[in-house]
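In: here is the input, now give the coordinates:
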Amino acid sequence: MKRAFEPAKGAWSLPGGFMELNETIEMTAERELLEETALKGKVKNRLGHCSHYNTVFGDVLLIGFIVFIESFSNLTPGDDASEAELFYIDNLPPVAFPCHQKFLDMYLQKINHKPGGKDKQ
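Out: The predicted structure is shown next:
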């Protein structure tokens with residue numbers, strides 16, 4: 001998704017956001033995915049974590065998930081996104097935050113991705 005607000009307004013990032021009261025981290029991931037992309041997903045497993053400091057929120061702990069999405073036909077930018085788009089995994093735009101790049105790297109390692117493929121993930 002392309003970020004609609006600071007921090008990193010106008011840059012590409014993974015969908016995400018903050019936990020609300022009485023939510024599990026999996027519920028948060030599924031809700032934020034829906035709010036920011038209009039896609040319904042179900043968390044498959046936790047990918048990893050990363051801490052990040054930014055000038056708006058201070059220290060933030062990010063938790064990455066692998067999410068199963070049944071259909072991408074509803075992909076639409078939501079509340080925090082100005083654009084939502086799918087990219088070939090070998091042709092990703094630069095992402096706004098180091099932790100998001102770390103999650104992408106973790107995912108590529110997990111699936112044993114070999115550069116040069118044309119998978120959209």
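
In: mind checking how far the residue minimising distance to the centre of the chain is from E23?
Out: What sits nearest the mean C-alpha location of the chain, by C-alpha atoms, centre = their mean, is L14, with 2.5 Å. L14 sits 18 Å away from E23, going by C-beta to C-beta, to the nearest Å. For the C-beta atoms, the positions are set from N, CA and C on the backbone; glycine is no exception.

In: go through stretch 41-48 and flag the buried ones.
Out: Buried residues in stretch 41-48, counted by 16 or more other C-beta atoms under 10 Å: 41, 43, 47.

In: got the phi and psi for the second one?
Out: Read it as V43. Here is the backbone geometry of V43 (degrees, to the nearest 10): phi -60, psi 130.

In: thought it was touching E30?
Out: Yes. Judged on C-beta atoms under 8 Å, V43 makes contact with E30 at a distance of 6.2 Å.

In: overlap of the contact sets of the two?
Out: V67 (C-beta atoms under 8 Å, 6 or more residues apart in numbering).

In: circling back to that earlier point, the residue nearest to the centre of the chain should be in a helix, yeah?
Out: No. L14 is assigned coil when assessed by DSSP: H, G, I helix; E, B strand; the rest coil, not a helix.

In: OK, contacts around the residue nearest to it when sequence neighbours are not counted?
Out: Leaving aside its chain neighbours, L14 sits nearest to H100 (4.8 Å; criterion: C-beta to C-beta, 6 or more residues apart in numbering). By C-beta under 8 Å, 6+ apart, H100 lies in contact with 13-14, 62.

In: okay then, goodbye and thanks.
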